[in-house]
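1. Have a look at this prediction, sequence included:
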Amino acid sequence: MDRLGRNEFIGEVRVALKKLSEGESKKFKMGLERITQNKDINKETTDQGAPVAEEERGRILVSLCYSPEKSCLLVGIIRCAHLAAMDSNGYSDPFVKIVLQPDMGKKSKYKTTVKKKTLNPEFNEEFTYEVPHEQLAKKTLEISVWDYDLGMSNDFIGGIELGINAKGVRLKHWFECLKHIGKKVEYWHTLTQQGAPPEAPSQ
């Protein structure tokens, strides 16, 4: 609190309430994150009509490179930062799924390894899609980040889509990959609700 000026934002936490059973009391020890507050956040979310700020889900660093020698798209999942905490310990156990659409069967879907108890995982994993360069303009790369839960359904954290139907930085990233053949192009992307599974009926 600032009596004479604007109050200063310190931090916030997200608690996944669906982890609680009915009548259960649980203590949460969580670290504060500075993730949704910035000068333009209220204006940005109002303009887009979004009920919540996108930044709260975190960010992902992705590299794209089309290899002319191998006639394939190389997708690098490098790292994530400031992911939303989905577990009661204040962390998540994140992993990343990638799918190249239209679906090419098993060869279109990949997963990274799971990183335990972290909101800033380092993956540094690369995946290969054998696809002619001229077909890439018709493809969409779906990337989603999940919290691994043993014996339960995994929690969706956030996702992005890269392709000709994307906008802003996502579209720019895709075009630069198509244009600069053989060059690795890296971009940070803000995770959104894109790729979220439909709401499951309550059990």
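-> Sure thing, it's come through. Numbers count the residues shown, from 1 in each chain.
2. could you pull out the helices for the protein?
-> For the chain, the helices defined by DSSP state H cover 41-48, 168-179.
3. List the buried residues in the longest one.
-> Taking 16 or more other CB atoms under 10 Å as the basis for neighbour counts, the residues of helix 168-179 that come out buried are R170, H173, W174, F175, C177, L178. (Each C-beta comes from the backbone N, C-alpha and C, glycine too.)
4. The last one and S92, how far apart?
-> Distance, L178 to S92, using CB to CB, to the nearest Å: 33 Å.
5. Mind telling me which of the helices of the chain the model trusts least?
-> Averaged per stretch, pLDDT over the helices of the chain is lowest on helix 41-48, reaching a mean of 39.
6. Output stretch 123-142 as CSV, restricted to C-alpha atoms.
-> The C-alpha coordinates for stretch 123-142 follow below in CSV (Å, rounded to 0.1, in the frame of the first residue of the first chain):
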residue,chain,number,x,y,z
PHE,A,123,14.0,-29.1,-22.3
ASN,A,124,16.5,-28.5,-25.2
GLU,A,125,14.8,-31.3,-27.3
GLU,A,126,14.4,-31.3,-31.1
PHE,A,127,11.9,-33.1,-33.2
THR,A,128,11.8,-33.9,-36.9
TYR,A,129,8.9,-33.8,-39.4
GLU,A,130,9.6,-35.2,-42.9
VAL,A,131,7.5,-32.8,-45.0
PRO,A,132,8.2,-31.2,-48.4
HIS,A,133,8.9,-27.4,-48.1
GLU,A,134,6.0,-26.5,-50.4
GLN,A,135,3.5,-28.3,-48.1
LEU,A,136,4.5,-26.3,-45.0
ALA,A,137,2.4,-23.3,-46.0
LYS,A,138,-0.7,-25.6,-45.5
LYS,A,139,0.5,-26.9,-42.1
THR,A,140,-0.2,-25.8,-38.6
LEU,A,141,2.1,-26.6,-35.7
GLU,A,142,0.2,-27.0,-32.4
